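**Student:** I'd like to go over a predicted model; first the sequence, then the structure.
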Amino acid sequence: MDREKMIEELTKIVGKENVLSSETDLMLYGYDASLFKGKPECIVLPGSTDEVSRIVKFAHGEGIHVVARGSGTNLSGGTIPTKGGIILHLSRMNRILEIDIENQRAVVEPGVFTLILKNQLARYGYVYQPDPASEKVSTFGGNFGENSGGPHCLKYGVTTNHIMGAEVVLYNGEVIQVGGKALDNPGYDLTGILVGSEGTLGIATKVILRIMPKPEAVKTMLAIYNSLEDASRTVSAIIADGIIPATLEMLDRLTIKAVEESIHAGFPLDAEAVLLIELDGLKDGMERLAERIMEICKKSKAREVRVAKTEAERAQLWAGRKGAFGAISRLRPNYLVCDGTVPRTKLPEVLAQVMEVGKKYNLVIVNVFHAGDGNLHPLILFDERDEEELRRVHLAGSEIMKICAEAGGTISGEHGIGTEKIKEMFFIFTLHDIAAMKQVKIAFDPEEVYNPGKVLPETQA
Ligand SMILES: Cc1cc2nc3c(=O)[nH]c(=O)nc-3n(C[C@H](O)[C@H](O)[C@H](O)COP(=O)(O)OP(=O)(O)OC[C@H]3O[C@@H](n4cnc5c(N)ncnc54)[C@H](O)[C@@H]3O)c2cc1C
């Protein structure tokens, strides 16, 4: 369809001010937090489910692709318009519709930032547990699309464990409800299929979330190590002892340096690695559990374990962890965040292999990750103006995914596949596995209206 005509039709649905189409707009919406770029034909900002439905119905009728977008912080190219079309930016749909304390549920529109809901819930002594480090700006639509994780997901589970249901616009504009506030729903688990589908199956226009009372007590510790290997061994030693802390996060030497230079979190500059360990739950028994963790850390050669004595100290340690990705930008102009998961007992050997990959390709790799989940985030540093270096970065990233797969792990812990890791899907899936997933795509979106060129590789099967 002619682009001018398309803009005219979309303007009829959402108004002139909510259709963007200047060259600058097209450039700004052509990238996300990944290394990829594309170019949409226009950007539309709907204000309601009805508008989303009408836009999608129109796009479907005209054979135009639609890419849902929250804040575009995904790290795998999930919002790159690979084949032009419409970017559906859901930022105007940013209302918290309901906080239902009695039933421990919240209902939000997709454009609500994760932290905004958390701040509202704090007033009631409640919490939404998944906490992507990007929570200040990540939206619930994006969390839904990526099945996001975060430090506290070790104990509480990732986004899918906290989404009870949703209102979803299908490829032809029809609106359906999946799941609900109740604990179990008969029929197929469509919520389970849609969460983590990276905007390829449907667009969530309302999300029903599980919320929980804030834990009675919290204890935050920082275990300091002279070796990355000792820190990694501690992770499985704690869990093998039967303790599941709320978080078990690791930062290596270069990350510590970057964090200290910008955030001053109080991490020791001469350490090879630190573990940020947090316990939460009932006050009774917490002291004993903390002592046990300290014993395990010492046995695994921690040179010191510090305990945050005040809420301010705790907040400072977390600012260091949550600001780590941002701080690392000080080291080089760009980085690729790899996201692989391995059985946590394999962490020491896999981390050693990752560092070998860095040497092989002459690239600096730093590590900051959800160690308790075995979810590695090697960040490969580079300068995108150096094309040869960029080529090595892609090769190294792919090799790291292969190492994770061969260690019995997988190629994404939380950041999704997007456009970035499509060919790596074959590291973990057979042609038959991919064919089964394609059947799901066909059932939900037979004409590939939504987010083309994502998640599933081209196959003949
Ligand atoms: C500094 C930094 C730290 C990060 N830390 C973490 C972390 O700790 N854990 C983690 O998991 N991720 C992390 N991420 C990745 C990212 O922030 C998360 O995936 C986040 O949930 C994406 O939210 P968003 O609003 O930016 O979504 P977007 O990037 O806009 O979209 C993500 C995907 O969801 C789809 N989508 C968007 N809205 C909808 C909708 N309404 N319905 C259906 N699909 C939709 C999109 O099409 C896309 O495929 C981090 C990123 C950065 C830059």
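**Tutor:** Sure thing, it's come through.
**Student:** quick one: pLDDT of the residue nearest to the spatial centre of the chain?
**Tutor:** What sits nearest the mean C-alpha location of the chain, by CA atoms, centre = their mean, is residue 148, with 3.7 Å. Per-residue pLDDT puts residue 148 at 97.
**Student:** nearest spatial neighbour of it, chain-adjacent residues omitted?
**Tutor:** residue 132 (4.5 Å; CB to CB, 6 or more residues apart in numbering). (Glycine included, C-beta is placed from N, CA and C.)
**Student:** for the one you found, helix, strand, or coil?
**Tutor:** coil (DSSP: H, G, I helix; E, B strand; the rest coil).
**Student:** surely residue 350 meets residue 404?
**Tutor:** Yes - with contacts defined as CB atoms under 8 Å, residue 350 counts as touching residue 404 at a distance of 6.7 Å.
**Student:** compare those two (neighbour count), which wins?
**Tutor:** Set residue 350 next to residue 404 and count neighbours by other CB atoms under 10 Å: residue 404 wins out with 30 against 26.
**Student:** circling back to that earlier point, surely the residue nearest to residue 148 touches residue 147?
**Tutor:** No - taking contacts as CB under 8 Å, residue 132 lies outside contact range of residue 147: 10.6 Å.
**Student:** overlap in contacts of these two?
**Tutor:** Common contact partners of residue 132 and residue 147 (CB atoms under 8 Å, 6 or more residues apart in numbering): residue 414.
**Student:** now do the SS call for residue 306.
**Tutor:** Quick answer, by three-state DSSP: residue 306 is strand.
**Student:** next: residue 440.
**Tutor:** Classified using three-state DSSP, residue 440 is helix.
**Student:** that one and the ligand, how far apart?
**Tutor:** Noted for residue 440: a distance of 15 Å to the ligand, by CB to the nearest ligand atom, to the nearest Å.
**Student:** again with residue 392
**Tutor:** According to CB to the nearest ligand atom, residue 392 stands 23 Å off from the ligand.
**Student:** from residue 58, how far off is that residue?
**Tutor:** To residue 58, residue 392 is 44 Å away according to CB to CB, to the nearest Å.
**Student:** okay, now the nearest residue to residue 195 once chain neighbours are set aside: neighbour count?
**Tutor:** Spatially, and ignoring its direct neighbours in sequence, residue 195 is nearest to residue 160 (4.4 Å; CB to CB, 6+ apart). Using other CB under 10 Å, residue 160 has 18 neighbouring residues.
**Student:** name the residues of the chain found near the ligand, please.
**Tutor:** Neighbours of the ligand within the chain, by CB under 6 Å from any ligand atom: 32-33, 67-75, 78-79, 90, 110, 132-134, 138-139, 141-146, 148-150, 198-199, 203-204, 325-326, 414-415, 451.
**Student:** these in helices, which ones?
**Tutor:** Taking DSSP state H as the definition of helices, these contribute 141, 142, 143, 144, 145, 146, 325, 326.
**Student:** filter those down to the buried ones and hand me the ChimeraX line.
**Tutor:** Buried residues among these (16 or more other CB atoms under 10 Å), as a ChimeraX selection:
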select :141,142,143,144,145,146,325
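**Student:** of the ones in helices among the residues of the chain next to the ligand, which pair is most distant in space?
**Tutor:** 144 and 326 (23.9 Å; CB to CB).
**Student:** need the contact list for residue 27.
**Tutor:** Residue 27 makes contacts with residue 39, as judged by CB under 8 Å, 6+ apart.
**Student:** per-residue confidence for it?
**Tutor:** 97.
**Student:** backbone dihedrals for it, both of them.
**Tutor:** Dihedral angles of residue 27 (phi, psi; degrees, to the nearest 10) stand at phi -70, psi -40.
**Student:** isn't residue 450 up against residue 198?
**Tutor:** No - contact criterion CB under 8 Å: residue 450 and residue 198 do not qualify, at 9.3 Å.
**Student:** okay, these two: which has more neighbours?
**Tutor:** When neighbours are counted by other CB under 10 Å, residue 450 and residue 198 differ, and residue 450 comes out ahead with 28 against 24.
**Student:** circling back: mark which of the residues of the chain next to the ligand are buried, thanks.
**Tutor:** With burial judged by 16+ other CB under 10 Å, the buried subset of the residues of the chain next to the ligand is 32-33, 67-75, 78-79, 90, 110, 132-134, 138-139, 141-146, 148-150, 198-199, 203-204, 325, 414-415, 451.
**Student:** so residue 45 versus the ligand, what's the distance?
**Tutor:** From residue 45 to the ligand the distance is 13 Å (CB to the nearest ligand atom).
**Student:** now residue 292
**Tutor:** According to CB to the nearest ligand atom, residue 292 stands 27 Å off from the ligand.
**Student:** next, that residue: secondary structure please.
**Tutor:** Quick answer, by three-state DSSP: residue 292 is helix.
**Student:** you'd agree it is up against residue 245?
**Tutor:** No - with contact defined as CB under 8 Å, residue 292 does not reach residue 245; the gap is 10.8 Å.
**Student:** between these two, who's got more neighbours?
**Tutor:** Remark: of residue 292 and residue 245, residue 245 carries more neighbours, 27 against 14, as counted by other CB under 10 Å.
**Student:** which other residues reach the helix or strand containing residue 260?
**Tutor:** Assessed by DSSP states H and E, residue 260 sits inside helix 253-262. By CB under 8 Å, 6+ apart, the list of residues contacting helix 253-262 from outside reads 228, 251, 265, 267-269, 271-274, 320, 323-324, 326-328, 330-331, 364, 366-368, 379.
**Student:** what about the strands in the stretch 351-461 of the chain?
**Tutor:** 364-369, 375-376, 378-382 (DSSP state E, counting those that start in this stretch).
**Student:** who touches residue 456 in this structure?
**Tutor:** Applying CB under 8 Å, 6+ apart to residue 456 gives the contacts 200, 422, 425, 434, 437, 438, 441.
**Student:** and the strands in the stretch 201-350 of the chain?
**Tutor:** According to DSSP E, counting those that start in this stretch, the strands that the stretch 201-350 of the chain contains are 203-210, 212-213, 217-225, 247-252, 273-281, 302-307, 334-337, 340-341.
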